[in-house]
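1. predicted model and sequence follow; I will ask about them next.
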Amino acid sequence: MDMEAAPFVAEADGKDQLRFITCGSVDDGKSTLIGRLLHDSKMIYEDQLQALTRDSANQGTTGGDIDFALLVDGLEAEREQGNTIDVAYRFFTTPRRSFMVADTPGHEQYTRNMATGASNAQLAIILIDARKGVLVQTRRHSFICSLLGIRHVLLAVNKIDLVDYRKDVFDGIVHDYLAFASELGFTSIIPVPISARYGDNIVKRSGNTDWYDGPPLLDYLESVEVGSETAGLPFRFPVQWVNRPNLDFRGYTGTIASGSVAVGDKIVVAHSARSSRVRRIVTYDGDLAAAEAGDAVTITLEDEIDVSRGDMLASPTQPPEIADRFAAHLIWMDEEPMVPGRSYAFRIGTQSIASGSINRFKYKIDVDTCEPVAAATLNFNEIGFCEVATVLPASFDPYRVNRRTGSFIMIDCYTNRTVGAGMIEFPLRRSASTAWQPLTIDKEQRSTLKHQKPCIIWFTGFSGAGKSTIANIVDQKLFARSYHTMLLDGDNLRRGLNRDLLFTKADRMENIRRASEVAKLMLEAGLIVICSFVSPYKTDRDMVRKLVGNREFVEVFVDTPIDESVRRDPKGVYAKAKSGKIKNFTGLDAPYEAPNTPEVHLKTLDEPPEQLANRVLDALATQGIISMK
Amino acid sequence: MNARVMIRFETHRLPGHLRRLEAESIEIMREVVAEFKRPVMLYSIGKDSSVMLHLALKAFYPAKLPFPLMHIDTTWKFREMITFRDETVRRVGADLIVHINKDGLAKGINPIHSGSTLHTQIMKTDALKQALDLYGFDAAFGGARRDEEKSRAKERIFSCRSAGHVWDPRNQRPELWKLFNTRIRQGETMRVFAMSNWTELDIWEYIMLERIPVVPLYLAKHRPVVHRNGTLIMMDDERLPLLPNETPKMRRIRFRTLGCYPLSGAIESDATTIEDIVAEMRIARVSERQGRLIDTDEAASMERKKREGYF
């Protein structure tokens, strides 16, 4: 068939998209306004209009007229059924612009819903009922919009027909609104008197408000210059995926988060501080000379440097912050309250950080007054300010500078629910200045001197499973073969380095973090490091794995059923735990997450320790770490 | 047109809103490939699938598609769709899996005698679940859009399904910014709607500007149809039983959506090129789902079907 496209897109050529959110409660006429916009921009089809006319007669609240709210309603009813509906997205288009509207259902889940809708919006329509004026919820909506980085507000003073189209009512509301909104940092606030039900000042200027000389609502939406908020910022390119179709091509795919980049530009890899130049900007439609914020491209570099998912390519003169401690606003989105100190997973740009926690919770914010309030934690739909600590440093910019690189989500490691959304304010402990000092003698040289390949052998399993026994035999066997080893045992470390730690989840995490850092230093020294830790959490073990890399990490799962471990109880710890002297004991009242795919899986009921140790040695040989000669 | 606009026209062939949608979809696709072990793209041969495939080619260029395409074949698709499918797969060099629910076929399930609800349940929904389990896919791309239907408007881009492919509306995650929570547990799967924010008009404008091949059934041509229950049904083969006094007539028709031919209503149209379709779309007065017989079966049917595992 003929696929020739005529070059007649002129009409659409300059066309862009505006994404906005509507804020208001049910009675403000939010649904009516959206329905009206869809209808007046001819987005309602005849079959839908027929259904609407029928429904309006049956269930409408507008007498004989069409009830536009019915076009978009349905969310409230579903919410009553307990469904988690946060945002519904509607679309309409005019010859000048296409629009995506985030519509959020009301009331108690409002903060979460609004934040979700606002996170991708460039503009907010804040609805006010002309009869009621500025209410507490108007402040709440405005504060959340401001916090989420929306800079443009259209203040829709609705139901102006119900106050007889009076100018003084409109002026009074505008005055009240500007009085408190001046502190919220909006770039523009445009007030428009409208009647969503009758269409006054929606598409055309209304004869009923001849005192109003501004644009009708749709006119403003079509022409407001929201600018590219990210275009003027320094170059940021979070790497999503490394494209390696063959040995000759290594491209970094991603979407430019801010700024622009051209072939030949110098860039820096944020974490490693290594730099290179852009060789090509590859797309399916051909190479580009330059690309800008919003473009999804593939970048190749002049030099072969280590770059992977989660890294960020950035402007070398204005690099992002790198820190493992930062202050942030946090919106809590889960019914289970936030627990300071507990481990959560983080997503910051394309970086997945297996573990981090709220280090210090400072205060929560009363969204009605925007005032800080003392609190110990955050509950569902609350907003607070806190200090976050992550096990690995993250690259970011402050959210108010860059929404793309300054935002993060928090995930419950067990349920995988998205529990929090954060906006980074500033770094607390910069890691940028302490970028890893390259040592003059490197790991390869140190291990070559010892005629070995260094690695970490990580034993995990219940207390009493037999980890230390097997680890000791492995240690002796390696020593006998002239390998340089070191054994790190959880119990021993808890007597010295980690003696300040308890058995809470946060302390367990810290226990493993310290142990892994020590193991890593020994690895750098060229040693084979044998680690024996209960290490019940998969995220913690994966964190160690990530710290050193797959090639140098051998996970050994010492698989002894809990009943058998309790029966053995070589150190008498289960007895203590059962008598209540130790709390949060793994296997009893704290969980153990077995590894899915350990390098070595030892079933201790089947074989004696000596043979199990040989299995570990076999695995090391298979991986090319030791030779069995 | 002044000089400034000319330059923009040359550097970016696409208008801004389509460029934005394109980049957004590409980002989502790359995210899936980076985060999941075994993704698959549900390929239904229709216009949305054509665009989705085109976007995937862009996302991973110069690499080949890093996942297979999968077509759930009910055995009642238009013949031209199957021809087009096989040509497309050859053209882009993709791997294609065709899955048919053999049990359903053996039981004689078909859209004419079993009714559209049962047919859709067995030959599409169940077939899809079978195939996902059979191949162990942990993420599946679908081409659904939020503008298609009221209940789609609130669908997430990453929609989590528990083991057994159950969609639990209470257990969907909030999606802020472009930060997607891709974590799933063993047995869970993710449906990913990378084109959530596209509208039907966007799809056609994009097809036009990018010159993406689509099944010729979208373009008007004289085809044999019968008029039944207010809908035009095309006689694609002799399996469609004619009612008494029913004789197929040649009418100039085309389709806005394609599926099983006895369930796809045609519209009379003179649109013989993609440009015509876009022009027709801009003044269209009837929604695209009107021609889809499976939705009208029962009220709120989409919601129910989704809970059962329908895409």
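-> Received the coordinates, thanks.

2. could I get the full set of helices for the stretch 501-629 of chain A?
-> A:505-524, A:538-548, A:562-568, A:573-578, A:609-622 (DSSP state H, counting those that start in this stretch).

3. show me what the shortest one is packed against.
-> Secondary-structure packing of helix A:573-578 (3 or more C-beta pairs under 8 Å, 6 or more residues apart in numbering or on different chains; DSSP states H and E): no helix or strand packs against it. The C-beta positions use only the backbone N, C-alpha and C, and glycine is treated the same way.

4. please work out the average pLDDT along it.
-> Across helix A:573-578, pLDDT averages out at 85.

5. just the CA trace of it, in PDB.
-> Coordinates of the C-alpha atoms in helix A:573-578 are reproduced here as PDB (Å, rounded to 0.1, in the frame of the first residue of the first chain):
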ATOM      1  CA  VAL A 573      21.500 -18.500  71.500                       C
ATOM      2  CA  TYR A 574      18.100 -20.000  70.600                       C
ATOM      3  CA  ALA A 575      17.600 -20.900  74.200                       C
ATOM      4  CA  LYS A 576      18.300 -17.300  75.200                       C
ATOM      5  CA  ALA A 577      16.000 -16.000  72.500                       C
ATOM      6  CA  LYS A 578      13.200 -18.200  73.500                       C
END
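
6. what does that helix rub up against?
-> A:Ser463, A:Gly464, A:Ser565, A:Val566, A:Asp569, A:Ile582, A:Lys583, A:Phe585, A:Gly587, A:Leu588, A:Asp589 (C-beta atoms under 8 Å, 6 or more residues apart in numbering or on different chains).

7. for that helix, buried residues please.
-> A:Val573, A:Tyr574, A:Ala577 (16 or more other C-beta atoms under 10 Å in any protein chain shown).

8. can you check the third one too?
-> For helix A:562-568, the neighbour count (16+ other C-beta under 10 Å) marks A:Ile562, A:Ser565, A:Val566, A:Arg568 as buried.

9. what's opposite the nearest residue to B:Gly16 once chain neighbours are set aside in the beta bridge?
-> In space, and not counting its chain neighbours, B:Gly16 is closest to A:Asp16: 3.4 Å by C-beta to C-beta, 6 or more residues apart in numbering or on different chains. Beta-bridge pairing of A:Asp16 under DSSP bridges involves A:Arg97.

10. surely A:Asp16 and B:Leu18 touch.
-> No - checked against C-beta atoms under 8 Å, the pair A:Asp16 and B:Leu18 is beyond contact range at 9.6 Å.

11. between those two, tell me which one has more neighbours.
-> For A:Asp16 versus B:Leu18, the count of surrounding residues by other C-beta atoms under 10 Å in any protein chain shown is larger for B:Leu18: 24 against 15.

12. can you verify the more buried one is assigned to a strand?
-> No - secondary structure of B:Leu18 (DSSP: H, G, I helix; E, B strand; the rest coil): helix, not part of a strand.

13. what's near enough to touch A:Arg139?
-> Per C-beta under 8 Å, 6+ apart, neighbours of A:Arg139: A:Phe180, A:Val367, A:Asp368, A:Thr369, A:Cys370.

14. ok so, going back, would you format the buried residues of helix A:562-568 as TSV with distance to B:Lys37 included?
-> Conversion of the buried residues of helix A:562-568 to TSV gives the following (distance: C-beta to C-beta, whole Å):
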residue	distance to B:Lys37
A:Ile562	29
A:Ser565	32
A:Val566	35
A:Arg568	37
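
15. I'd like to know which of the residues you listed is nearest to chain B.
-> Nearest to chain B among the buried residues of helix A:562-568, counting by C-beta to the nearest C-beta, is A:Ile562 at 20.3 Å.

16. all strands of the stretch 51-200 of chain B, in order?
-> B:69-72, B:96-99, B:139-142, B:158-162, B:166-167, B:189-193 (DSSP state E, counting those that start in this stretch).

17. looking at these, which has the lowest confidence?
-> Here the lowest mean pLDDT among these goes to strand B:166-167, at a mean of 82.

18. give the other helices and strands that that one contacts.
-> Strand B:166-167 packs on helix B:301-307, going by 3+ C-beta pairs under 8 Å, 6+ apart.

19. residues of stretch B:68-81 that come out buried?
-> B:Pro68, B:Leu69, B:Met70, B:His71, B:Ile72, B:Asp73, B:Thr74, B:Trp76, B:Lys77, B:Phe78, B:Met81.

20. do stretch A:483-502 as well
-> A:Tyr483, A:His484, A:Thr485, A:Leu487, A:Leu488, A:Asp489, A:Gly490, A:Leu493, A:Arg494, A:Asn498, A:Leu501.

21. how close does the last one sit to A:Glu510?
-> Separation of A:Leu501 from A:Glu510 (C-beta to C-beta, to the nearest Å) stands at 6 Å.

22. just the fifth one next, same as before
-> The spacing between A:Leu488 and A:Glu510, counted by C-beta to C-beta, is 15 Å.

23. the stretch 201-350 of chain A: helices as residue ranges?
-> Under DSSP H, counting those that start in this stretch, the stretch 201-350 of chain A gives helices at A:217-223.

24. what parts of it come near chain B?
-> A:240-241, A:243-245, A:249, A:251, A:253-255, A:282-285, A:294-296, A:298, A:309, A:333, A:345, A:347-350 (C-beta under 8 Å from any C-beta of the partner chain).

25. which of these count as buried?
-> Neighbour counting by 16+ other C-beta under 10 Å classes A:240-241, A:243, A:251, A:253-255, A:282-283, A:294-296, A:298, A:309, A:333, A:345, A:347-350 among those as buried.

26. hang on, the earlier thing: so which of the contacts of A:Arg139 wins on neighbours?
-> Most surrounded of the contacts of A:Arg139: other C-beta under 10 Å gives A:Val367, at 23 neighbours.

27. wouldn't that residue be in contact with A:Phe143 here?
-> Yes - applying C-beta under 8 Å, one finds A:Val367 in contact with A:Phe143, separated by 5.6 Å.

28. quick one, grab the pLDDT at B:Gln130.
-> For B:Gln130, the predicted pLDDT is 93.

29. A:Val388 and A:Arg360 touch, don't they?
-> No - judged on C-beta under 8 Å, A:Val388 makes no contact with A:Arg360 at a distance of 9.1 Å.

30. neighbour-wise, which of those two wins?
-> Higher neighbour count among A:Val388 and A:Arg360: A:Val388, with 27 against 14, using other C-beta under 10 Å.

31. then the strand or helix carrying the more buried one to PDB, C-alphas only?
-> Taking DSSP states H and E as the criterion, A:Val388 maps to strand A:383-396. As requested, the backbone C-alpha atoms of strand A:383-396 are provided in PDB (Å, rounded to 0.1, in the frame of the first residue of the first chain):
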ATOM      1  CA  ILE A 383       4.400  15.400  54.400                       C
ATOM      2  CA  GLY A 384       7.600  15.900  56.300                       C
ATOM      3  CA  PHE A 385      11.200  16.900  56.200                       C
ATOM      4  CA  CYS A 386      14.000  14.500  57.000                       C
ATOM      5  CA  GLU A 387      17.500  13.300  56.500                       C
ATOM      6  CA  VAL A 388      18.100  10.300  54.300                       C
ATOM      7  CA  ALA A 389      21.000   7.900  54.400                       C
ATOM      8  CA  THR A 390      21.800   5.500  51.600                       C
ATOM      9  CA  VAL A 391      24.300   2.600  51.600                       C
ATOM     10  CA  LEU A 392      25.700   3.800  48.300                       C
ATOM     11  CA  PRO A 393      26.200   7.400  47.200                       C
ATOM     12  CA  ALA A 394      23.700   8.800  44.800                       C
ATOM     13  CA  SER A 395      24.000  11.500  42.100                       C
ATOM     14  CA  PHE A 396      21.300  14.200  42.100                       C
END
